[in-house]
Structures are given as structure tokens and as C-alpha cells.
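Asker: A structural model of the following input is requested.
(chains A and B)
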Amino acid sequence: MGLINKESVKKKMGSRVAANGFAKFLFILATSFSLIVLGVLIYRILVEGLPYLSLDFITNFASRMPERAGIWAALVGTIWIMAVTAPVSFILGVGTAIYLEEYAKKNAFTKFVQVNIANLAGVPSIVFGLLGLTIFVRLAGLGSSVLAGGLTMSLLILPVIVVASQEAIRTVPREIREASFGMGATKWQTIRRIVFPAALPGILTGTILALSRAVGETAPLLVLGALAYVAFVPENLLSQFTVLPIQLYNWTSRPQEDFHMLAASGIIILLIILLIMNSIAVYIRNKFHKRF
Amino acid sequence: MKKMKSVYLLAVMSLILVFAAACGNKSEDGAAGGGDLSGKIKIDGSSTVFPIMEAVSEEFQAANPDVQAPVGVSGSGGGFEKFVRGELDLSNASRPIKEEEKTAAKEKGIEFTEFELAKDGLSVVVSKDNDFIDHLTVEELRKMWLEDGKVKTWKDIRPEWPAEKIEFFSPGTDSGTYDYWNEVILEEKPMRRDAQLSEDDNVLVQGVTGSENAIGFFGYAYYQANKDKLKAVPIDGGNGPVEPTAETIESGEYAPLSRPLFTYTNNKSVKDNEAVYEYMKFALENAGELASSDTIGYVSLPKEKYEEQLKKLDELAGK
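Answerer: Numbers count the residues shown, from 1 in each chain, chains lettered A, B, ... in the order given. Modelled structure (predicted):
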């Protein structure tokens, strides 16, 4: 008696339950809003895109005739760009992360670098395009090539990979490092055999998500001078190229309805590529995730 | 340790796969074809001219499989920026080259020639539901698009029109279409600020379709592709109202909103690179027909115009 005033509890009960219900409703609304938008988007794309989707669509080059047009050059161009971007950004990104987490002294300079990397992740992609145009295309004389495009994309996603890798490395418990040192392992041995394997799932997940972003980027490559109509696939790293998002952008901006439908078909392909990449990320995380 | 190895394996395998997929196409490309012509042609520039050049490239490469003639879309300005550095053979433009671009070319020692490929008619459009508008004069267009706040409703243009607020739609400031409008209609004075601007002309089409009181302008191709939803306003440039049609645009009767679409050639490329000469020749012989096809929607120039330019090209190449 006296500890709980049943009267006042009872009095407030109605409004508390109502507030609870309201909060629930609000969050369901938030969730369903994005789900509905996504649903409508996918429905529209499937309705518009499926009629043109065929093997020919994948293996044909772009064309002025919608029924003959395809995405082969763009698809292969995208794969080429990824073939450059993936290794370069992985090696540089993970290397930076290992240095910052394991070797660098925690001083003002490291902090400065850290803050800059975090800020770089938020720089608009077109700025990286201008950087790439100045450095890779003109100064290094690479021209508007696959190599220049891939390197620019690497720069674009590097900050994301560095931050993700750092997070992953940080989650490796201190105890197992110390155990490793206790066994007489050197720092490099510990990093190579203990820390890196344990952090790899996190690192790979971050890398693949970053690569997915690169797959969908148009602006930096347009600035670099990537092309829109290409009737050949790249032969080597110095070939000119186009990528899927550029081809799609080009089709959606055309006046004729048929090109919009082609764009929808292309979007389906792009979605499939992204889904595959993200599934790989999920698979890796589940398969290699270790708990300590 | 075992797990570690399988991770490496997976990573290596996926990399190999990616590379294999990328390299696998080499052999297809080497396949020899009909014509003996070979080489590369660098083309970039206006996105308005792009559909024409895409069509020309497609047909030209079908006849000459060993020539690579890809086309970029950096915009008229972006194209000229590369062109004056000597990075391009052809620069497409939906406006004539500007003085400062000419100077830049001169400094780098780039000599160039202007070729006209086709015509576009900027179409002033309203919704199909708008039943009172019969035509507009250039003077009325200027009055309604200028930033001086005098025109708010249709009534402000002609007293017999309804007092409904007008909604304005215009291409974005980066486009050559905007530049052209600014020059011929607004005479370089600022456009009204409440106009909705978009770089995507399809957005303008939707905007104008969606409201009875909307007015907008864009390339003829966008009007043609949406004829069932839009009404083109006949324009009176001093000789009575003229509706934009293939005939009136070609003849120049649809004035002042018929605008030429250009490509600029680097003279040195035409002289030294046989492929560029042949490409330009092919372009001038076929651009009219290709540009006016349904999937592109521009308007051909009169035949003589192409013949004149072919002569100019031959002189340039010394043939």
C-alpha cells in the first residue's frame, strides 16, 4: 500500500496504451512507406523492362533502333571497371586500415588523417570525377580509359573501405592478440595470422558494399569522358569504355517511350548485379563470421 | 587455418572470374570485316546531337567494322573544352562555338570547320486541355518569360484569356536549349525565377502535361514523341503564326525557333586521318535521313545544304 497508487496508474493507463499504439503505428508507417515505394518502383520497372529483356538485349551493342539495342558494351565496361577498382581499392583500403589501427601512433596527425578520411566519404562523387580528369586522364596521360576510370572509382570508395576495415579490425578482441604475442609471435605474424583472418568477413562485406556503390555511379565517369555510344568492348586497360549507369541515363533522357523501356530492362540487369554482389557479402559474413 | 585458406581461395577465384569475364571478349573484337578502313575517331559533345551521331556511328561501323567511332555526351561546352585542347576529332554542339572557345582553339593551334547536320525546332507547348491558346508572338513569349514580374496570369498577355496563373517549365541552364532560348527570345536578359527548370526534358513533358495552365519549351523530338499529350503553340515571328512541323522547320519558316545542330571537325584530323574524312562524308550523306527517322525525331536540312558541305569537306581534305 502506498508504494503504487493504483488509482493514478489506472487513470493514466488509457493514455499510455494509446501512446504505445501511436508509436507502433508511426514506426509501421515509416517501414511501410519505404517498402511501398520500393514495391511500386520494382513493379514499374518489371512491367516496363521485361518486354525488352532477352539474351539479345544482353549481347547486342547499343543501337538507334530500340528493338536492336543492347547493353553488351556497358555490361562488359562495368565488369572491366570493377576488375580495376576491386583489387586497387581493396589493397589500398585494407593497407591503410591496418596501418592506422595497428601501427600508427595515436597522435594529432593520425587523428587528422582519420577525420579527413571520414570527411572524404561524404564528398560528392563528381568531385572525384574532376580529380580523376586532372590527375589520371591528363597528368598521367591515361586518357579516358578503363584504367583511369577504375582508379577514379577506387579513390571514390577508398574512404568507405578504410572506415569499414578499421571497424572490422577493431572488433578483433584484444585478448587473442595478446595470446598471440604471448606465444612469441611478432606484430606482423599476429596481424597476418590472427587479426586479418578474424576481421576479413567485416572487411569483405564493407568492400563489396562499397563496390556496389561504384557500380551505380555515373557522374564521375561522365566527367572523365566515358562514352555513351560504344560499339566495341574494351580490349585492354587503355581502351575507352562505357558503363551501365551511363547507358541507362542516356536512354531515360531520350524522348521516345521505347528507350525508356530499354532503360527499365537495363535497370533489371543492374539490380541483378547488385543483388548478386550483396548476396556474396551476406554469404561471406555468415560463413566466415567467428565469435570470440 | 583451413578456413583462412578457403577465404583466400574464394577471393582469388572471384577475381579470376571477373578477369576472365572481362578478357573473354577479345577474340570477338578482332574479327575482320568488309571495308579496309581502320582507325579510331574521337567524338564527344552535345547530348542533343548525340542521337544523330549514335545513328551515324552505328551505320558507319556496320559498313567499316575496323573503325571505332564511339560517341561521348559531355555537353556542347564540355565537348568544346576537350576539342580546343586537340583531344577530339569531332565536337558536337547544339549552339555555335563561342568567341572564348575560338580563342582557346587558336592558342593551341587548332583549326576547325563547322558542319551543320540537321535542324531542331524548339517547340513551345501547352497541355492538350488548354483550349484558348491559338498562337503566340515572339513579343508575347518574351513578355511572359522575362523576369520583370509583369505577367502572372494568361489575362496579362491577352485580355480575353482567363485569369489563371501560368506555370512555366524550362530546360536547365546547362543545356544548349536554354542558351538558345535566352539568346533569341529573352535577348540575354534573365528568365523569370519562378520557372521550373530541369535538365531532363522528360520531366518538362510531364510537368506541362500535368497542368492546364502550364507552358514549356523543348526540342522538337520531345514534342513529337508526346504529340498525343501536348499541343504545340504556333509561333508568330512577324510573318503570321507557324506551327513546328518537319516542313516548316526545314524551310526555316518556323522562325526564330529553328536551330541548327552542328558538329565541328578538327581540320588536321580530316586531312591526316582517312577514317575521319570518310566518317564525315558518311555523316553528311546520311545525317538528314537518320536525324528525321522516328526514333530520333529531328529535321533534315535541304539537300543542297548537305551537298555544299560535302564540297567544303573535300576541299578541306584536299580531294
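
Asker: CA atoms for contacts and neighbours, from now on please.
Answerer: Will do.

Asker: stretch B:110-128 close to chain A?
Answerer: No: using Cα under 8 Å from any Cα of the partner chain, stretch B:110-128 stays clear of chain A, with a minimum separation of 13.3 Å.

Asker: measure that stretch end to end?
Answerer: Stretch B:110-128 has an end-to-end distance of 49 Å (Cα to Cα, to the nearest Å).

Asker: and what of stretch B:38-55?
Answerer: Length of stretch B:38-55, first residue to last, Cα to Cα: 19 Å.

Asker: can you give me the buried ones in that stretch?
Answerer: Within stretch B:38-55, the residues scored as buried using 16 or more other Cα atoms under 10 Å in any protein chain shown are B:41-55.

Asker: okay, now the domains of chain A?
Answerer: Residue ranges for the domains of chain A, per automatic domain parsing: A:6-52, A:58-288.

Asker: ignore what I typed, I meant chain B.
Answerer: What automatic domain parsing lists as the domains of chain B is B:36-119+B:260-317, B:123-243.

Asker: hang on, the earlier thing: export the domains of chain A to a markdown table and tack on distance to B:Ile185?
Answerer: A markdown table is the format used below for these (distance: least, Cα to Cα, whole Å):
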| stretch | distance to B:Ile185 |
| --- | --- |
| domain A:6-52 | 38 |
| domain A:58-288 | 24 |
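
Asker: so which of these is the most packed in?
Answerer: domain A:58-288 (a mean of 20; mean count of other Cα atoms under 10 Å in any protein chain shown).

Asker: so how far is it off the chain centroid?
Answerer: The chain centre lies 7 Å from the centre of domain A:58-288; the measure is Cα atoms, centre = their mean, to the nearest Å.

Asker: what mean pLDDT does it get?
Answerer: On average, the pLDDT along domain A:58-288 is 92.

Asker: stretch B:257-270 now?
Answerer: Average pLDDT, stretch B:257-270: 94.

Asker: hang on, the earlier thing: which stretch among the domains of chain A comes nearest B:Lys319?
Answerer: Closest of those to B:Lys319 is domain A:58-288, at 29.6 Å (criterion: Cα to Cα).

Asker: quick one on the thing from earlier: from the buried residues of stretch B:38-55, which land in strands?
Answerer: Cross-referencing these against strands under DSSP state E gives B:Ile43, B:Asp44, B:Gly45.

Asker: export those residues to JSON lines and tack on pLDDT and distance to chain A?
Answerer: Converted to JSON lines, these look like this (pLDDT from 0 to 100; distance: Cα to the nearest Cα, whole Å):
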{"residue": "B:Ile43", "pLDDT": "94", "distance to chain A": "9"}
{"residue": "B:Asp44", "pLDDT": "93", "distance to chain A": "8"}
{"residue": "B:Gly45", "pLDDT": "91", "distance to chain A": "10"}
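
Asker: could I get those residues as TSV with distance to A:Ala73?
Answerer: Formatted as TSV, those follow (distance: Cα to Cα, whole Å):
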residue	distance to A:Ala73
B:Ile43	17
B:Asp44	17
B:Gly45	20
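
Asker: out of the residues you listed, which one sits closest to A:Ala210?
Answerer: Distance to A:Ala210, by Cα to Cα, is smallest for B:Asp44 among these, at 30.0 Å.

Asker: which residue sits closest to that closest one in space, ignoring its chain neighbours?
Answerer: Of all residues not flanking B:Asp44 in the chain, B:Gly72 sits nearest, at 4.2 Å (Cα to Cα, 6 or more residues apart in numbering or on different chains).

Asker: my guess is the one you found meets A:Gly225, correct?
Answerer: Yes: look at B:Gly72 against A:Gly225 with Cα atoms under 8 Å: they come within range, at 6.9 Å.

Asker: how about the helices in the chain?
Answerer: With no chain named, the answer covers chain A. When assigned using DSSP state H, the helices of chain A occupy the ranges A:6-49, A:55-59, A:72-98, A:108-120, A:125-132, A:146-170, A:174-182, A:187-190, A:196-215, A:219-224, A:244-252, A:257-288.

Asker: that answer is for a different chain, and I need it for chain B
Answerer: Remark: helices assigned in chain B by DSSP H are B:2-23, B:26-30, B:50-63, B:75-83, B:99-107, B:138-145, B:176-184, B:201-210, B:220-225, B:246-251, B:267-272, B:274-291, B:303-317.

Asker: tell me what the fourth one is packed against?
Answerer: Under the contact criterion of 3 or more Cα pairs under 8 Å, 6 or more residues apart in numbering or on different chains; DSSP states H and E, helix B:75-83 touches strand B:43-45, strand B:90-93, helix B:99-107.

Asker: would you tell me which of those gets closest to B:Glu212?
Answerer: Set against B:Glu212 and scored by Cα to Cα, the helices and strands packed on helix B:75-83 come closest in strand B:90-93, at 33.6 Å.

Asker: can you list contacts of that closest one?
Answerer: Residues from elsewhere that reach strand B:90-93 (Cα atoms under 8 Å, 6 or more residues apart in numbering or on different chains): B:41-46, B:48-50, B:75-77, B:79-80, B:83, B:176, B:261-266.

Asker: what strands line up against it, and which way round?
Answerer: strand B:43-45 (parallel), strand B:258-266 (antiparallel) (DSSP bridges).

Asker: in TSV, list these along with distance to B:Glu100.
Answerer: Formatted as TSV, the strands paired with strand B:90-93 follow (distance: least, Cα to Cα, whole Å):
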stretch	distance to B:Glu100
strand B:43-45	17
strand B:258-266	15
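
Asker: any idea which of those is most buried?
Answerer: Scoring these by mean count of other Cα under 10 Å, the most buried comes out as strand B:43-45, with a mean of 30.

Asker: contacts only, for the closest residue to chain A within the stretch 51-200 of chain B.
Answerer: Nearest residue of the stretch 51-200 of chain B to chain A: B:Gly72, at 4.1 Å (Cα to the nearest Cα). By Cα under 8 Å, 6+ apart, the contact set of B:Gly72 is A:Gly225, A:Ala226, A:Leu227, A:Ala228, A:Tyr229, B:Ile43, B:Asp44, B:Gly45, B:Phe50.
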